[in-house]
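Colleague: Here you go, sequence then predicted model.
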Amino acid sequence: MQTNKGFEKIGELINGNKRSKPPAFHWQELALRVIAELGVPNFKRNSVFKVCKDNNKIFIEQCLNDTKELCKTGECWKYFFKLVEKR
């Protein structure tokens with residue numbers, strides 16, 4: 001049950017309802033997932049978006065799954081790019 005807080009400032013009402021837009025394309029959502037799961041550093045994020053845009057979703061998901069299976073320690077995102085480059 002909500003409690004009555006009384007009057008609120010207009011600025012608090014406007015600033016409190018910020019929502020981020022969903023990705024416009026399916027490859028953007030896939031790229032964000034790859035970035036989150038592999039811990040890609042900031043300077044390589046653009047490369048992930050380009051790879052996801054240029055290749056199909058099934059291929060990227062296979063590379064992501066292979067990376068998670070084969071690379072248990074270290075920088076997994078480097079292994080992901082090696083897999084993408086080979087195929």
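Modeller: Noted; the coordinates are in hand.

Colleague: Thr73 sits in which helix or strand?
Modeller: Assignment of secondary structure by DSSP states H and E places Thr73 within no helix or strand.

Colleague: neighbours around it, how many?
Modeller: As a burial measure, Thr73 scores 5 neighbours (other CB atoms under 10 Å). Quick note: C-beta positions are derived from backbone N, CA and C, even for glycine.

Colleague: Now do the phi/psi pair for it.
Modeller: phi -130, psi 160 (degrees, to the nearest 10).

Colleague: Quick check: it vs Asn42, distance?
Modeller: Separation of Thr73 from Asn42 (CB to CB, to the nearest Å): 21 Å.

Colleague: distance of the most centrally placed residue in the chain from Pro41?
Modeller: By CA atoms, centre = their mean, the chain has its centre lying nearest to Leu32, at 1.5 Å. Per CB to CB, Leu32 is found 15 Å from Pro41.

Colleague: One more: Ala24?
Modeller: According to CB to CB, Ala24 and Pro41 sit 24 Å apart.

Colleague: cool, and Cys52?
Modeller: 17 Å.

Colleague: higher neighbour count, those two?
Modeller: The neighbour comparison of Cys52 against Pro41 (other CB under 10 Å) goes to Cys52, with 24 against 10.

Colleague: isn't the more buried one right next to Ala31, touching?
Modeller: Yes: here Cys52 reaches Ala31: they are 4.0 Å apart, a contact under CB atoms under 8 Å.

Colleague: Show the backbone phi and psi for Lys5.
Modeller: The phi/psi pair for Lys5 (degrees, to the nearest 10) reads phi -90, psi 0.

Colleague: Just give the number of residues close to it.
Modeller: Close neighbours of Lys5, defined as other CB under 10 Å, add up to 6.

Colleague: so where do the helices sit in this structure?
Modeller: 10-15, 26-38, 45-54, 57-70, 76-86 (DSSP state H).

Colleague: Put together a markdown table for these, with mean pLDDT on each row.
Modeller: Formatted as a markdown table, the helices of the chain follow (pLDDT from 0 to 100):
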| stretch | mean pLDDT |
| --- | --- |
| helix 10-15 | 70 |
| helix 26-38 | 95 |
| helix 45-54 | 96 |
| helix 57-70 | 95 |
| helix 76-86 | 93 |
